[in-house]
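>>> with the input below, show me the fold.
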Amino acid sequence: MRAARAPAAALALAAAAAGAEPPPEPGEPWNTVSTRPIIVRTRAHPGTQVKEVWATGLLAAPPEFVQDTLLDGESFPRFMPYVKEVRNLPVPTKDGSWFAYQRVVPPLVAARDSVFHVWLEESLAPDGSGVFRNRWEAVPGMVPSVPGVVRTLLSTGSWEVRPGKAGGSRVSYRFLVDPGGNIPSWVADMGNRTGLAEVFIALETEAQRRSREPRRATATAALKPPPPPDVSKSAAAATAGDAGPGAAAATAAAGAATTGGRDAGAGPGPKVTAQGDREPARLREPPRERTTKQRERKKRARATPASP
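Just a heads-up that it's a prediction; the model follows:
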């Protein structure tokens, strides 16, 4: 099942680590309101009393893990400030976009929720080069209102991640949010700015944690059982004949070790322990040798008189 992917909470959101000066941009002028620990700029936006926010910072985490963290929306309640719930909505799309419900509980005001339509515009290359960019906007009316929770009707934004210095990440976060309710615009603007550093720090910490975990491919390779020790070609062929078609293949063994299943046409095969160690195969004696021994036992039985 695909993990729910969603933007971080856009009410009082932010970033962390020493910031870098963002490039100039045409349009309404940006006003710098903070330079440490991140650069935070705001500007007026036509049609609303709240201001658009643009935060940039340098994170001490590899960009590919920052991207992974931002795409794993269902994990946000575990580490992202104020986010209490994120879940993917089963709404089909034709362009690869998706919908996600998000509920946040900011300080001093009532909880807010939104349904976001999210687009993944660009992804990093497997080696971490390039750029990650997504964007979202709130979609009113897709899910019923929750008692005691204020529905946020205006919320748009984007994340952008690029490789930074010394293996870090250059992160840019922009959003325009009107939290709704009876919150004055100046209070909403203050709330939209003050939590930004906490969000960037949370993003950096989670990306660092993920970078220390082994990659899924590495873990799968570690579970692949080694071949049985001291087994000749003829013995291996005999084992394959006992186990069934394809049971001696390394890929089938790896699949059984990682998924707990086996090929439908294969026999039981050798056991694989929880640590991935494979017990030596119990090889049967060649049929001719077995027959000769049986004959010898029968001859001795005939030659030995029966007990009284």
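>>> from now on I want contacts and neighbour counts done on CA atoms only, so please keep to that.
Noted.
>>> contacting residues around Thr32?
With contacts taken as C-alpha atoms under 8 Å, 6 or more residues apart in numbering, Thr32 has the following neighbours: 39-42.
>>> hmm, 6 Å instead?
Contact criterion C-alpha atoms under 6 Å, 6 or more residues apart in numbering gives 40-41 as the residues in contact with Thr32.
>>> how close does it get to Ile38?
Noted for Thr32: a distance of 11 Å to Ile38, by C-alpha to C-alpha, to the nearest Å.
>>> wait, a helix at Ala125?
No. Assigned with DSSP: H, G, I helix; E, B strand; the rest coil, Ala125 falls outside any helix and is coil.
>>> count of neighbours near it?
The number of residues packed around Ala125, counting by other C-alpha atoms under 10 Å, is 11.
>>> ditto for Met142
Taking other C-alpha under 10 Å as the neighbour definition, Met142 ends up with a count of 14.
>>> assign it to helix, strand or coil.
Met142 falls in the coil class when you classify it by three-state DSSP.
>>> which one is it nearest to, not counting chain neighbours?
With sequence-adjacent residues excluded and distances taken as C-alpha to C-alpha, 6 or more residues apart in numbering, Met142 is closest to Val115, at 6.9 Å.
>>> which phi and psi does Lys165 have?
phi -80, psi 150 (degrees, to the nearest 10).
>>> any idea how far it is from Ser34?
Using C-alpha to C-alpha, one obtains 22 Å as the distance from Lys165 to Ser34.
>>> show me where the stretch 51-200 of the chain has its helices.
Per DSSP state H, counting those that start in this stretch, the stretch 51-200 of the chain has helices spanning 63-71, 76-79, 185-194, 196-212. These are given in chain order.
>>> rank those helices by mean pLDDT and give me the bottom one.
Taking each of the helices of the stretch 51-200 of the chain in turn, the one with the lowest mean pLDDT is helix 185-194, at a mean of 60.
>>> around Pro147, how many other residues sit close by?
Here the neighbour count serves as a burial measure; for Pro147 (other C-alpha under 10 Å) it reads 6.
>>> circling back: ok, which of the helices of the stretch 51-200 of the chain comes nearest Arg135?
Proximity to Arg135 (C-alpha to C-alpha) singles out helix 63-71 among those, at 11.4 Å.
>>> now tell me what touches the closest one from outside.
For helix 63-71, contacts defined as C-alpha under 6 Å, 6+ apart pick out 5, 128, 163, 169, 207.
>>> cool, and stretch 102-119?
Contacts to stretch 102-119, defined as C-alpha under 6 Å, 6+ apart, come from residues 82-86, 97-101, 134-139, 149-152.
>>> could you rerun that using 7 Å?
6, 9, 82-87, 97-101, 134-140, 142, 149-152 (C-alpha atoms under 7 Å, 6 or more residues apart in numbering).
>>> which of the helices of the stretch 51-200 of the chain sits most buried?
Mean neighbour counts were compared across these using mean count of other C-alpha atoms under 10 Å; the top stretch is helix 63-71, at a mean of 23.
>>> TSV for the helices of the stretch 51-200 of the chain, including distance to Leu108?
Formatted as TSV, the entries for those read as follows, by distance: least, C-alpha to C-alpha, whole Å:
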stretch	distance to Leu108
helix 63-71	26
helix 76-79	19
helix 185-194	10
helix 196-212	17
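>>> of all those helices, which one is nearest Gly57?
Once C-alpha to C-alpha is applied to the helices of the stretch 51-200 of the chain, the stretch that comes out nearest is helix 196-212, at 7.8 Å.
>>> okay, the closest one in CSV with CA atoms only?
Once side chains and other backbone atoms are set aside, the C-alpha atoms of helix 196-212 remain, and they are given as CSV (Å, rounded to 0.1, in the frame of the first residue of the first chain):
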residue,chain,number,x,y,z
LEU,A,196,9.2,27.4,11.0
ALA,A,197,12.5,26.6,12.7
GLU,A,198,10.9,23.7,14.6
VAL,A,199,9.6,22.2,11.4
PHE,A,200,13.0,22.4,9.7
ILE,A,201,14.7,20.9,12.7
ALA,A,202,12.2,18.0,12.8
LEU,A,203,12.7,17.4,9.1
GLU,A,204,16.5,17.4,9.5
THR,A,205,16.4,15.1,12.5
GLU,A,206,14.1,12.5,10.8
ALA,A,207,16.1,12.6,7.6
GLN,A,208,19.3,12.0,9.6
ARG,A,209,17.6,9.1,11.3
ARG,A,210,16.6,7.5,8.0
SER,A,211,20.1,8.0,6.6
ARG,A,212,21.5,5.8,9.4
